[in-house]
Structures are given as C-alpha cells and as structure tokens.
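Colleague: Fold the following.
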Amino acid sequence: MYRSRWTTFFFTAALLAPLAATLAQEPSAPPPPPPAADSQPAPANPSKPGKQKYSHANDFLIRGTVFDEKALSFPGVELRIRRVGEKKFRWDTYTNSRGEFAVRVPQGSDYEMVAHVKGFPDQTRTIGAKNEDNLENVVFRMQPAAGDKK
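Modeller: Sure thing, here's the model as predicted:
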C-alpha cells in the first residue's frame, strides 16, 4: 500500500517538474501589435497583374423577410437575383429559420428579385440599388397557388 502511494507521488512529481520550471520562468515579450486598419492598402498580387482585390465597402445590401399566407415566417424560400434586363440569375440565397434573408450586390444598378417556393407562385420585386442608404428592406407575402389547399 505504501509502495503504490510513494510510486504515485514520485511519478506525479516527475511529470509536474518540467511544468513548474516553465511557469517559474519570466514571461516572454508580448507579440507586436497588428498594423493599423487605416494604413496603406495591401499591394496588388504581383503574380496577377491588373487583378485587384474586390472591396465590399460600397455594396448594396438587400435584406428582408418572407411570410406565408398565415403571416408566419417562411423558412427555406429560395431568392434569386439578377440585373434588370439580364436572363441569368447571378445571386441566390435561402431564408433562414425565421424567414429572413440578406444579400450583397454591387451598387448602381436595378435588380430583379424572385421569391420561389414549391406550391406557391413566384413573386418578383424590382429593387433600385442606386440610393445613398446602401440598403433596401423587402417583404414577401406568399399566397398558395390557385387550387392548392394548405
């Protein structure tokens, strides 16, 4: 019995000795602070001339909520966005569990947003992304297709 206690004591001391020595040393110098955020912008990638990083600083934010016919939040609705006059949708997203969505698009154009979900007719909104607020709130109220019983 005494032998196992002493063995445990010595093994524990042997394991903790390096840790105690490390803690007894003086702390090292703190790392240098990161560069200030308003310093010079990062240089362009020299391996890709003419290619610059895209900044989201001037993007236009489209956010909103989708509701069903009972005025409850509608999760899982697909939202597709394209510039007015284009055929192909360039951005898409889905509503979260509370029926909310948010999408960033380049500012300065008019956009067409389509809310799509099975069993409901598509709804379309035109959004002018030219105002100074950089923000547009959109609300969709989905109504079931004629003949559907929900």
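Colleague: for stretch 51-71, how far is the first residue from the last?
Modeller: Using Cα to Cα, to the nearest Å, the gap from the first to the last residue of stretch 51-71 comes to 47 Å.
Colleague: quick one: buried residues of that stretch?
Modeller: 60, 61, 62, 64, 65, 66, 67, 68 (16 or more other Cβ atoms under 10 Å). Any C-beta I mention is one placed from the backbone N, CA and C, and that applies to glycine too.
Colleague: Next: stretch 134-142.
Modeller: Taking 16+ other Cβ under 10 Å as the neighbour-count basis, stretch 134-142 is seen to contain the buried residues 136, 138, 140, 142.
Colleague: min pLDDT across the residues you listed, which one?
Modeller: For the buried residues of stretch 134-142, the weakest pLDDT value sits at residue 136, with 88.
Colleague: Tell me which stretches of the protein form strands.
Modeller: According to DSSP state E, the chain carries its strands in the segments 59-67, 78-83, 91-94, 100-106, 110-116, 123-128, 135-141.
Colleague: Tell me which of those approaches residue 52 most closely.
Modeller: strand 100-106 (14.5 Å; Cβ to Cβ).
Colleague: Show me what the closest one is packed against.
Modeller: The criterion is 3 or more Cβ pairs under 8 Å, 6 or more residues apart in numbering; DSSP states H and E, and the helices and strands that strand 100-106 contacts are strand 59-67, strand 78-83, strand 91-94.
Colleague: got those strands as JSON lines, with mean pLDDT and distance to residue 52 columns?
Modeller: Putting the helices and strands packed on strand 100-106 into JSON lines (pLDDT from 0 to 100; distance: least, Cβ to Cβ, whole Å) gives the following:
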{"stretch": "strand 59-67", "mean pLDDT": "93", "distance to residue 52": "16"}
{"stretch": "strand 78-83", "mean pLDDT": "95", "distance to residue 52": "22"}
{"stretch": "strand 91-94", "mean pLDDT": "94", "distance to residue 52": "21"}
